[in-house]
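Chemist: Predicted model and sequence below, questions to follow.
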Amino acid sequence: MQTLLELVPKLKDKKIMVIGDMVADVYLEGKIARISREAPVLILEHSAEHVVPGGAANATYNVAALGGEVFAMGVVGDDYAGNQLRQELGDKGIHTDGLISGPDRPTITKTRIMAGGQATVRQQIVRIDRECKQPFSEETEEKIVKSIKENLSAMAAVVLSDYGSHTVSSRIRDYVIAYCKEMQIPCIVDSRYDVMSYKGVTVVKQNESEAAAALGLKTVDAVSLQHAGKIILERLEAEAVLISRGPDGMMLFERSGKISNIPVTNKSEVYDVTGAGDTVVAAMTLALAAGASYYDAARLSNFAAGIVVRKPGTATSSPEELREAIGNHDGA
């Protein structure tokens, strides 16, 4: 635990580039007024609306919250959600010059309708997603590539956050991985649907279901998970593979052959797991940029995830919270 405590202040000011699908999580909140006479549905009286970073934008938010200097690379629309997302990221000191406005594309939004009464817990009743499924134009891709090339040499580490919305094109993916490999810069990928195309990346982060889907497996148990982790490690020629397992913690596979089971740090206070994967990626990337081993970086990310699952919605952890969580765990 002392090693992790000493690692926390080293995260500060590390320059991290996050390339990926920038998402605006929109929350529309309303108080339950009555049942509609038009249909058997609730009528909500609008009470609030706010936008928080999601997807790759949440990864940038988490890096910034832990003290890193973040450079966001991606696409947002010239719309309300995009403008709010830029403002939210800018207010946290995140560099947003690399966010390209695609005139033909709306900002990726996930709008959650939240309902509750005076004496009830607020609950999500429906979610509306807005997203263009087509690849970017060559002009938009060229602008992203130009921004990446202008800043990449100054980075201590890079995150490729691929939610399946085409920001990390094959051209961008191959260029960034090759550059990071040549310059020995840690590059970590978190890809929901296409992780097996990231050959040569330094670290692969997946959850159990993503790892299973990547190899065509329907389910994964403790035994098959070990097999899956080894296969992903070998096929992608990565240095490490980190698979998150929810209440069962994490499993880390390293090129040396070492396999580490990392138990959860928080079993009793799970409130919301939304965005916890982005927290894991952010903390591990910063730790690697600070010179940590893969094992210590994974352990630190485990503590960070244990903090955010106690909070509602997409959330972040701070250096102070990390130190407290690590210190309390050591004392226990």
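Modeler: Happy to help now that I have it.
Chemist: Quick check: end-to-end length of stretch 74-82?
Modeler: Looking at stretch 74-82, the gap from its leading to its trailing residue is 11 Å under the measure Cα to Cα, to the nearest Å.
Chemist: which parts of it are buried?
Modeler: Applying a neighbour-count criterion of 16 or more other Cβ atoms under 10 Å, the buried positions in stretch 74-82 are 74-77, 79, 81-82. In this view, the C-beta of every residue, glycine as well, is placed from N, C-alpha and C.
Chemist: So which elements touch the worst-scoring helix or strand of the chain on mean pLDDT?
Modeler: Sorted by mean pLDDT, DSSP states H and E, the helices and strands of the chain end with helix 319-331, the least confident at a mean of 83. Helices and strands touching helix 319-331, by 3 or more Cβ pairs under 8 Å, 6 or more residues apart in numbering; DSSP states H and E, are helix 2-7, helix 294-308.
Chemist: Dump those to JSON lines, plus mean pLDDT, mean neighbour count and distance to Val121.
Modeler: Shown next, in JSON lines, are those (pLDDT from 0 to 100; neighbours: other Cβ atoms under 10 Å; distance: least, Cβ to Cβ, whole Å):
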{"stretch": "helix 2-7", "mean pLDDT": "94", "mean neighbour count": "15", "distance to Val121": "34"}
{"stretch": "helix 294-308", "mean pLDDT": "93", "mean neighbour count": "25", "distance to Val121": "19"}
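Chemist: With distance to Ala178 added, can I get these in TSV?
Modeler: Output for the helices and strands packed on helix 319-331, formatted as TSV (distance: least, Cβ to Cβ, whole Å):
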stretch	distance to Ala178
helix 2-7	29
helix 294-308	21
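Chemist: Relative to Pro106, which of those is closest?
Modeler: For those, distance to Pro106 was read as Cβ to Cβ. The smallest value, 27.6 Å, belongs to helix 294-308.
Chemist: can you list the weak-confidence ranges in the protein?
Modeler: Low-confidence segments of the chain, defined by pLDDT under 70: 118-119, 266-275, 312-314, 330-332.
Chemist: The protein: helices as residue ranges?
Modeler: For the chain, the helices defined by DSSP state H occupy 2-7, 56-65, 80-91, 138-151, 170-183, 208-214, 222-236, 276-289, 294-308, 319-331.
Chemist: could I get the ones you listed as a markdown table with distance to Asp97?
Modeler: As requested, these are arranged in a markdown table below (distance: least, Cβ to Cβ, whole Å):
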| stretch | distance to Asp97 |
| --- | --- |
| helix 2-7 | 30 |
| helix 56-65 | 13 |
| helix 80-91 | 10 |
| helix 138-151 | 7 |
| helix 170-183 | 17 |
| helix 208-214 | 31 |
| helix 222-236 | 31 |
| helix 276-289 | 20 |
| helix 294-308 | 27 |
| helix 319-331 | 26 |
